[in-house]
Structure formats: structure tokens, C-alpha cells
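Task: produce atomic coordinates for the following.
(2 chains)
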2 protein chains.
Amino acid sequence: MSTQAAPLTPISLKDGPSADATLARCRELVEPALRKAVQGLHPGPGRIASHAFGWCDADGTPSSGGGGKGVRPALAVLGTEAVGANADVAVPAAVAIELIHTFSLMHDDIMDGDERRRHRDSAWKAFGTGPAVLAGDALFALAVRTLAEAGGTGGGAAVHQLAVMMGELVHGQADDVLFESRPWSGPGSVSPAEYRAMAVRKTGALLGCATALGPVLAGAPPLLTDALARAGREWGLAFQAVDDVLGIWGDPAVTGKPVHSDLRRGKKTLPVLGAIAMDPSLGPRLDRLLTVNPDEAAVRRAADLVEEAGGRAYALRDARTRVATARDHLRAVPLAGRHVDELVALSQLLLDRRV
Amino acid sequence: MSTQAAPLTPISLKDGPSADATLARCRELVEPALRKAVQGLHPGPGRIASHAFGWCDADGTPSSGGGGKGVRPALAVLGTEAVGANADVAVPAAVAIELIHTFSLMHDDIMDGDERRRHRDSAWKAFGTGPAVLAGDALFALAVRTLAEAGGTGGGAAVHQLAVMMGELVHGQADDVLFESRPWSGPGSVSPAEYRAMAVRKTGALLGCATALGPVLAGAPPLLTDALARAGREWGLAFQAVDDVLGIWGDPAVTGKPVHSDLRRGKKTLPVLGAIAMDPSLGPRLDRLLTVNPDEAAVRRAADLVEEAGGRAYALRDARTRVATARDHLRAVPLAGRHVDELVALSQLLLDRRV
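Predicted coordinates for the structure are as follows:
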């Protein structure tokens, strides 16, 4: 381990592949199967899905570059390789995970009223709410089917794990939405522990499942699949912490989301909860500033107060700690070192990302 | 077989249990497990689900009688008993099917803009679109989880069958919505064959799966599960044909839906397509009457034209034929006669129902 490494740069990977190369390799392995699965959908939901994956514009014209980075399917591939199984085994798991991820973005954007996603209209904005609901359902069904057809030693356990994760995802999203109407101070306020329980379901469950699902499918021993799942959950919490920071201070031109939208809607995020934990007088001040239709000046003032109280640094510190904890989970069990290095390098992307 | 039986009354069931008694027996078996599963949900989606099942009002006050009749879970129980397996084996299948049925009503009501369901506000109307999307997702995830946890000989096959059915459901719903914008005549019109392909997915798939899923879970031979699935699909088509008739001529006070709503929105239904097949001059007339924001007089005139051309009788005849075909499928294979009788008696409800 290099002691010279800066806190946000990869550790002990001088000679390993870059995260970008890893993402490209995994994408090459997974994308043909993902495209094939989506091509089997009804053309209506199929086009909405293709738009969400960045494969076409809203009118169906082929395009590229509008999808996600493919971190989750890459975790599925690397997790599988780390337990010594062939990467091909991971493909149905990676496809199922990417389908579920896209389903959840599609439905969450409806619930949150988010009009933009990855610099383009969100599905409901481009195609209407009803069609976006249906396209999400189509992706969900396709994910279960893809995994159910994978068969193999751990087929049943993998489907069960996916279903449990889906329940957690819904539970976390329900809490996230409910938290918006709770105050920043007083007896009804959201504690950091409640926030973490929400975030580990809303974001951690999917990343944990992504990392462990291929290994479960391959029939890997619980010692290994549990460590991978735990690491994935930590990455999910780190991802959410950085997402929360970007939701307040991110550059709208880069994130593609309106500035300060999380504060304006009362979303309970880690920088704010961390700031309040360090300076309890902040809670009542935020309630006064943000409760009733705050104007832009009030929201900007709230963001400044949170930053001054150290909330931004708190969330980023939390993210770094979680990425380090995840690495420790992986290094404590006999996994293939090279692929653990790739996983660790990939997890750094969660900290360094701007979108 | 009694030759005196009127076409719409049960056949050869003089001494068998009534459909109502069968529904009550199956409900008693399935409902505790269904309630237990739903109680495990997050309280937000959980209350929306309880409202949809008729267990509480929108404000959470316990109530009763607002749910469905429970035909689908009863099919799961009877199908299982018909292959000689213990009814207990059917419970997770019956629960999964009822969860999926309720999920699909919840999301379909959003897509169709239907404000009423079973004489109460639909989920999106009572709780908002976002919460209804999420509650539907919660039921979907819970269905997969319930079945995945059932285990047993046919656990993997049952989950696969559920996932395939879900894909069909989405495909059928997508077609149904797309068909609304197609004309009643000319090259873009919907043929009866296209209608049937839509209806067998949208409605037949779920009833086919309901009838075969318990037997699949119990590891019954394909000869039997295929016959049960085929019978269920026929019942689904019969159900849809009667639903189509009620959607035009049903009493709004009984159905709880606005009169003529299917015609007003251009929904392609069997009575109309049947009428046009018998009298092709009807298509252009309906296009003139219904295409641009039809008023109530135009819609009533259209309903009268379809009735005069024999469309209503056509759809009801189709429903009766399908119920008879289903009975033949069941009687062609070695199933337990008493339970086949119960299935046949239950299927008569699809013809006799008014809501």
C-alpha cells in the first residue's frame, strides 16, 4: 500500500488497469446481452428503454453516449471474477442489475418530478408518465426473467437475492420521499441513523446486490458473497454521500440537474444532517429558511450555512471512510487480488465523480 | 352433462360446491398469508396496498368488502388440488398472483387515467401518482420474493413462469394503449386477430399463470400444467370479452366506472371489432362518430350501432365458447374430477359477473 497516495486517488494500483479500461472491458462483455434482452421488449417500452440506455433519441434515432457509466454491471463482472468464476457467468446478473437500475431511475424520476436525467429529458418527460411507468415495469419483469433463465447452481438463490433487494429499494425510496416532509429540527427530525438506514436500502442494496449477484449465481461460498455484498453496500453509501454533495453544490451544467433542488424540496441529505449533528443550532435556522416555498436567496443561504458548519466536508469524509471500509471487507477474505484491485479502483470513481 | 342447463349456468354441478363456497374456502386459506406478506411492507406502500385489497380506507381505518372476489388466488388453489397436490403448496403461488394482479390494476389505472376502482378511488387518485407507482413496485417485488421463498421441486420453474407472464402483461398493456390511437377502419385498423393477441397477453397470461403456477410449484407433469395454463388463458379471454361488454353497456352504478368510457377513449374492444367484422360499413361510421372528442350523443349512437350489428352478442358468444373450450382442455387430461368441477363452476362467474 502506497503511503504517498492522496486520499482521493486509487491505492496500490500503479500497475493495474485503469477504472476506465475496466469499465470498457465489462461494457464490451455485458452490452450485447443487454441489447439483445431489450430488443425482445414490445417496441413501445423498448424505445423508452433504449432512450434511457442512451442508445437512441426520443424519436428513435440511434445515438450514443447518453447512458450511464456502467459501474453496476462492471461490479457484477468483477465480483464474479474475484471469486474465481468465469466472467461469462456474470453476464445475466450484470444485465439484470442494469435493467433494475434503469427501472428504478425511471420510476424515481416520476416520483421526484425530475425532468432531466443524464443531460436529456427523463423518461416521463420525454414519453409521458403512463408509458414511463409501463417501461419501468417491462425492465423489472425482464430483469427477473433474465436471471431466472440463467439457471446454474445458484440460480434460485440469485433470484431470491434480487427480489429481496427490490423490496429494500422500494422501502428506501418510500422513506426518502417521506423524509422530505419532516422538519430539520425538533422531535420529528430525521436522525443520521435514520438517514443511513434509508440510504443503505435506497442505494446500498443495489450496489451490494450488483457486486454479489454474479458470485451467488456461480455458487460461490457465503464467506465470499457476504464480503462482496457488504463492500457493495459501503460503496452505495459512499455513492449516496457524494450524490448528496452534488445535489447541493454540483454544477448544473455538469450534473444536468437544477442547482440546490435537494434543499428546495426538503430532501434529507448527509451534508445537512452531518452539519446539524455538529451544530444543532443549524436545524431551527434551516427550518425557518426552507419550510415554506423558499426563494433562491434562502436556498443559497441554507447551502452556505451547511458548508460553513462543515457539512460538505463531513459527507465527503464519510464517503472516503466507506470506500476504505469496503476495501478492508474485500481484503479480509480470499478473493483474487487482481480483481479486488480492479474493484477498489472502480470504487474510487464513486468519490471522484462530478455527475 | 345436463342438456336442460341454460347456456350461462354451470354444467354437471348439481351436487358440487357453489362457486361462492369455493371462493370463501380459498380466501380462508390464502388471505392470512397475503396479509402477513403485505404487513412486511414499508407503512407507506403498505397502506396503499391494504386500501387496494379493501382492508382499510384511504386514511387507514380498517374496512372490509372493498377488495376483489379473489378469483385468481382461488384458481391457484384449485389448480393445485386438481393435480393431486396439497392446497397448502398453492398458498405462495396464490399470494404471488394476487399481488401481481393488484400491482397491475394499480399501474394500469395510472396509465388509463381511471379514477375509480371497485367503487372507491383508485390508488393514484387516493394517494397520488408517485406513491401509487411505488406501491405497485412494492407489490411486484413482494410477489417475486414470495414465490422465490416457496422453494420446493418447481420453485425455479415457477419464478420463471411468473417472470414470463409479467413480460406478457406489460406487452399486452402496451398494445392495448397503442390500439386506442388506431382507427376503426382502413389500413391502420386493429384486426380481431391483433385484438386476441393483445387480450391473451393482457388478461389471459395472468389467469393462465394463476391456474398453473401452484401445480408448477408442486412439480406436476407438463401434460397437466399445460392443460391448466391453456384453460386459464381461455378464461382470461372470456373475462376480457365480458369486461369489454360491461365497458360499453355496464351499469355505472354497478361497475363503478363511467358509462361508455371505452368507446370515448377509442379502446379497441371485442364487441366493436366483432360488429365491424360482421358489418364492415360500421368501421368508417364509427371513425366519423368517435374520432374527435365525441360528445355523449355520439358515443351513445356508436354503442347503439354496435349493438344493432350484433357486437354485444358476438362478444358474449365468444366468452361462452372460450369457457367451454377451457372445460374441454381440463377434461382431456387426468385431473381430479371434483376440483375440475370447482374450476368449471368458478369459470361461470366470469360469464355471469356484472362488475
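
Can you give the distance of the helix or strand of chain A at the bottom of the mean pLDDT ranking from its chain's centre?
Least confident helix or strand, chain A: helix A:252-255 with a mean of 77, by mean pLDDT, DSSP states H and E. Helix A:252-255 has its C-alpha centroid displaced from the chain centroid by 18 Å (C-alpha atoms, centre = their mean, to the nearest Å).

Can you give me the buried ones in it?
Under the neighbour-count criterion of 16 or more other C-beta atoms under 10 Å in any protein chain shown, helix A:252-255 has A:T255 buried. No exception for glycine: its C-beta is placed from N, CA and C like everyone else's.

repeat for stretch A:201-221
Under the neighbour-count rule (16+ other C-beta under 10 Å), stretch A:201-221 has A:201-220 buried.

Among those residues, which lie within helices?
A:205-217 (DSSP state H).

Could you point out which of those residues is nearest to B:A87?
Nearest to B:A87, judged by C-beta to C-beta, of those is A:V216 at 32.2 Å.

Pull up the gap between the closest one and A:A336, please.
17 Å (C-beta to C-beta, to the nearest Å).

so A:K267 touches A:F179, yeah?
Yes. The criterion here is C-beta atoms under 8 Å, and A:K267 meets it with A:F179 at 7.3 Å.

OK, contacts around A:Q161?
Neighbouring residues of A:Q161 by C-beta atoms under 8 Å, 6 or more residues apart in numbering or on different chains: A:209, A:212-213, A:216.

Let's have the residues you listed in JSON lines, adding distance to chain B.
Shown next, in JSON lines, are the contacts of A:Q161 (distance: C-beta to the nearest C-beta, whole Å):
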{"residue": "A:C209", "distance to chain B": "12"}
{"residue": "A:A212", "distance to chain B": "16"}
{"residue": "A:L213", "distance to chain B": "13"}
{"residue": "A:V216", "distance to chain B": "12"}
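
For my notes, please list those residues in TSV and give distance to B:D226 for each entry.
Output for the contacts of A:Q161, formatted as TSV (distance: C-beta to C-beta, whole Å):
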residue	distance to B:D226
A:C209	34
A:A212	36
A:L213	32
A:V216	31
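
what's the closest of those residues to B:G250?
So of those, ranked by how close each gets to B:G250 (C-beta to C-beta), first place is A:C209, at 45.0 Å.

need the residues of the stretch 1-150 of chain A near chain B, please.
A:41-42, A:44-45, A:107, A:110-113, A:129-131, A:133-134, A:136-138, A:140-142, A:144-145, A:148-149 (C-beta under 8 Å from any C-beta of the partner chain).

Now list the buried members of those residues.
A:41-42, A:44-45, A:107, A:110-112, A:129-131, A:133-134, A:136-138, A:140-142, A:144-145, A:148.

Inside helices: which ones of those?
Cross-referencing those against helices under DSSP H gives A:44-45, A:107, A:110-112, A:129-131, A:133-134, A:136-138, A:140-142, A:144-145, A:148.

wouldn't A:H171 be in contact with A:V200 here?
No. A:H171 is not in contact with A:V200 according to C-beta under 8 Å; the separation is 10.3 Å.

any chance you could map the strands in chain A?
Here chain A has its strands, by DSSP state E, at A:116-117, A:120-121.

Comparing those strands by mean pLDDT, which bottoms out?
Confidence, taken as mean pLDDT, is least for strand A:116-117 of the strands of chain A (a mean of 81).

Contacts only, for A:E31.
A:G70.

tell me the pLDDT at it?
The model's pLDDT for A:E31 equals 96.

what do you get for the one 5 residues further on?
Reported pLDDT at A:K36 in the predicted model: 97.

What is the neighbour count of it?
By the criterion of other C-beta atoms under 10 Å in any protein chain shown, A:K36 has 11 neighbours.

which stretches of the stretch 251-355 of chain A aren't confidently modelled?
Applying pLDDT under 70 to the stretch 251-355 of chain A flags the ranges A:354-355.

in the stretch 251-355 of chain A, what residue is nearest chain B?
A:R265 (12.4 Å; C-beta to the nearest C-beta).

looking at it, that residue is touching A:F179, isn't it?
No. Judged on C-beta under 8 Å, A:R265 makes no contact with A:F179 at a distance of 10.6 Å.

More neighbours: the two, which one.
A:F179 (18 against 15).

Distance check, the more buried one against A:L246.
From A:F179 over to A:L246 (counting by C-beta to C-beta), the distance is 18 Å.

go on, A:L206?
From A:L206 to A:L246 the distance is 18 Å (C-beta to C-beta).

before we move on, what about A:A158?
Separation of A:A158 from A:L246 (C-beta to C-beta): 32 Å.

ok, now A:P43?
Relative to A:L246, A:P43 is positioned 35 Å away (C-beta to C-beta).

So which residues of the stretch 251-355 of chain A form helices?
A:252-255, A:261-264, A:270-278, A:282-290, A:296-308, A:311-331, A:337-352 (DSSP state H, counting those that start in this stretch).

could you redo those helices as CSV and give each row distance to B:P294?
Listed next are the helices of the stretch 251-355 of chain A as CSV, based on distance: least, C-beta to C-beta, whole Å:
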stretch, distance to B:P294
helix A:252-255, 45
helix A:261-264, 42
helix A:270-278, 53
helix A:282-290, 48
helix A:296-308, 46
helix A:311-331, 56
helix A:337-352, 55
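
now, of those helices, which is deepest in the fold?
Most buried of those, by mean neighbour count (mean count of other C-beta atoms under 10 Å in any protein chain shown): helix A:270-278, with a mean of 24.

circling back to that earlier point, looking at A:A158 and A:L246 now, which is surrounded by more residues?
A:A158 (28 against 17).

what sits against that one?
A:93, A:147, A:150, A:213, A:216-217.

Quick check, central residue of chain A?
The centroid of chain A falls nearest to A:T203 when counting by C-alpha atoms, centre = their mean (5.1 Å).

Surely that residue is in contact with A:E168?
No. With contacts counted by C-beta under 8 Å, A:T203 stays clear of A:E168, the gap being 10.0 Å.

Confirm for me that A:T325 is in contact with A:R233.
No. A:T325 lies out of contact with A:R233 (C-beta under 8 Å); the separation is 9.8 Å.

what is in contact with these two at once?
Contacts common to A:T325 and A:R233, judged by C-beta under 8 Å, 6+ apart, are absent.

and the stretch 151-300 of chain A, which residues reach chain B?
A:151, A:155-156, A:159-160, A:162-164, A:166-167, A:169-171, A:173-175, A:177-178.

Helices of the stretch 1-150 of chain A, start to end?
Secondary structure of the stretch 1-150 of chain A by DSSP H, counting those that start in this stretch: the helices cover A:19-39, A:43-52, A:71-82, A:87-112, A:123-127, A:129-148.

Which stretch among those helices is buried most, on average?
Counting by mean count of other C-beta under 10 Å, helix A:71-82 has the highest mean neighbour count of the helices of the stretch 1-150 of chain A, with a mean of 29.

Take it, keep the C-alpha atoms, and write them as PDB.
Extracted as PDB, the C-alpha positions of helix A:71-82 are listed here (Å, rounded to 0.1, in the frame of the first residue of the first chain):
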ATOM      1  CA  VAL A  71     -20.500   0.900 -12.900                       C
ATOM      2  CA  ARG A  72     -23.100  -1.600 -11.600                       C
ATOM      3  CA  PRO A  73     -22.700  -4.200 -14.300                       C
ATOM      4  CA  ALA A  74     -18.900  -3.800 -14.000                       C
ATOM      5  CA  LEU A  75     -19.200  -4.600 -10.300                       C
ATOM      6  CA  ALA A  76     -21.200  -7.800 -11.200                       C
ATOM      7  CA  VAL A  77     -18.400  -8.900 -13.600                       C
ATOM      8  CA  LEU A  78     -15.500  -8.100 -11.300                       C
ATOM      9  CA  GLY A  79     -17.200  -9.700  -8.300                       C
ATOM     10  CA  THR A  80     -17.600 -12.900 -10.300                       C
ATOM     11  CA  GLU A  81     -14.000 -12.900 -11.400                       C
ATOM     12  CA  ALA A  82     -12.900 -12.200  -7.900                       C
END
